[in-house]
Every structure is written in C-alpha cells, then in structure tokens.
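Peer 1: Sequence below, structure please.
(chains A and B)
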Amino acid sequence: EVQLVESGGGLVQPGGSLRLSCAASRLIFNNYWMHWVRQAPGKGLVWVSRINSDGSRTSYADSVKGRFTISRDNAKNTLFLQMNSLRAEDTAVYYCAREKSYEDFDYWGQGTLVTVSS
Amino acid sequence: QSALTQPPSVSAAPGQKVTISCSGSSSNIGNNYVSWYQQLPGTAPKLLIYDNNKRPSGIPDRFSGSKSGTSATLGITGLQTGDEADYYCGTWDSSLSVVVFGGGTKLTVL
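Peer 2: Numbering: from 1, shown residues only, chains lettered A, B, ... in the order given. This is a model prediction of the structure:
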C-alpha cells in the first residue's frame, strides 16, 4: 500500500530542537518533490518547506527560514525536517506530502504533533 | 491572513449543490494551477481536484473544479452528510516563491 508515515513529534521547550521523519512505502519517492505542511490546532493549512527529487533544491516559508532544514535519504525512502530554535507558534501537526505535478499533493502522511511549550 | 481568500463556511441540504470560492491574485491563481483538498475531522487532507479541474482516480464526479482569472471554484453536487468537512484551495505563488493555501471553508450539510 502506498503510504507516508511521519514520526518524531512531541513536546519540546522553546528554543529546543526536533527532527521529524517521513517514511515512504511502495511509493516512487525518489522521483518526486516532497513537502512539509503544518496545521496549528483549529487553524488552516500552512506550507513549510519543499525539496526536489535528488535533494539539491530546497525552499522554505519565511516563518521557518534559517531555523528549519529539509532533507531526504532516497536510499531509505525517507524525508526529514530538522527544526531548531523552536517557538510556541511552531506548535502544529506536521504533515509530509508528495507533490503530484504542480504543487498539488496526492499523498499525505497521518501527521505528527509538535508542541512547543515550557 | 491567507494569500487566498475562501468563505469561512457554507451550508446546504442533502442532495443539493454547493460552491466554494477561492480568490487570489495574478501571482498565484492567475498564473498557476489550483488544487482542492478535503479534510475530514481528525484526518489528513485529501486531494480532490488538481490542475484546476482534474479529479484523481477514485474521486467521484460530484466534485468539480474551475478557474477564471484570479479566482477558482469548487463545486459539489448531490451533497451527502459524509461531505461535511473543511475544504482548502492551494496553489503556487510565483512572487513569494511559496505554496499558498486558502484559510479553509467549513461545509455543513444540514
């Protein structure tokens, strides 16, 4: 079954770090752009970051630029999001998503909750 | 403040039709493809429409998408109680170089 599974979320203090992972199964992971999208509790979807198929190109939302780093390991079909200098406003469910063609997302993970609080 | 503007809520009776609008600008909707997502309570978003008006395999033809200028519209016919969800539009913004989403529209099937 085609599947994306996130892990790595949890409770972290302001200023702390977390590394999220997104494991892909039976998916042509290697040939696709991958993205992270987040959703604060009770709020809408917000795009966070993207990475191209070979990992050579990345981009970020202004709100996370310089603090978050997206990467991927194509040998292990895994996407990562390294989050540093976390703030309370980073609290959200983080989804990984596969881009189908033109910034449209045909597969989503189940999400992993990141809570930044002291 | 989202780059794309959607109505916060819409409602209609079972069996009826509803449309959800998504308004943007020339830097996003005006020059890029629009996609639509359905998010049922407590679940991840699901792709309903891509490339303005195409449906992925498995999405019933009750769902349709259109685009005109800097606005896009999602249409749902034959409403069912199971359609109650939040709906989001999304696209690329060429000026900001980011993906942008609408604020979401909550559909209630009365």
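
Peer 1: what ranges do the helices span in chain A?
Peer 2: Counting by DSSP state H, chain A has no helices to list.

Peer 1: er, chain B I mean
Peer 2: Under DSSP H, chain B gives no helices.

Peer 1: Would you mind listing what in it touches chain A?
Peer 2: B:2, B:32-33, B:35, B:37, B:39, B:44-47, B:50-51, B:56, B:86, B:88, B:90-92, B:97-104 (CB under 8 Å from any CB of the partner chain). For the C-beta atoms, the positions are set from N, CA and C on the backbone; glycine is no exception.

Peer 1: Return the members of these classed as buried.
Peer 2: Among the residues of chain B next to chain A, those classed as buried by 16 or more other CB atoms under 10 Å in any protein chain shown are B:2, B:32-33, B:35, B:37, B:39, B:44-47, B:50, B:86, B:88, B:90-92, B:98-104.

Peer 1: Just grab the bridge partners of the residue nearest to A:Q39 when sequence neighbours are not counted for me.
Peer 2: Leaving aside its sequence neighbours, A:Q39 sits nearest to A:V93 (CB to CB, 6 or more residues apart in numbering or on different chains; 4.9 Å). Counting by DSSP bridges, A:V93 forms beta bridges with A:Q39, A:L113.

Peer 1: how many other residues sit next to A:V93?
Peer 2: 21 (other CB atoms under 10 Å in any protein chain shown).

Peer 1: helices or strands next to the longest strand belonging to chain B in the packing?
Peer 2: In chain B, with assignment by DSSP state E, the single longest strand is strand B:85-93. Helices and strands touching strand B:85-93, by 3 or more CB pairs under 8 Å, 6 or more residues apart in numbering or on different chains; DSSP states H and E, are strand A:45-51, strand B:18-23, strand B:35-39, strand B:71-76, strand B:98-101, strand B:105-109.

Peer 1: Kindly reformat the ones you listed as a markdown table containing distance to B:V10 and mean pLDDT.
Peer 2: Putting the helices and strands packed on strand B:85-93 into a markdown table (distance: least, CB to CB, whole Å; pLDDT from 0 to 100) gives the following:
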| stretch | distance to B:V10 | mean pLDDT |
| --- | --- | --- |
| strand A:45-51 | 18 | 98 |
| strand B:18-23 | 5 | 98 |
| strand B:35-39 | 13 | 98 |
| strand B:71-76 | 9 | 98 |
| strand B:98-101 | 17 | 97 |
| strand B:105-109 | 6 | 98 |
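
Peer 1: can you put those in TSV and add distance to A:A23?
Peer 2: Output for those, formatted as TSV (distance: least, CB to CB, whole Å):
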stretch	distance to A:A23
strand A:45-51	15
strand B:18-23	32
strand B:35-39	22
strand B:71-76	31
strand B:98-101	22
strand B:105-109	32
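
Peer 1: Point out the one among the ones you listed that comes closest to B:S9.
Peer 2: strand B:105-109 (4.6 Å; CB to CB).

Peer 1: in its sheet, what does the closest one sit against?
Peer 2: strand B:9-12 (parallel), strand B:85-93 (antiparallel).
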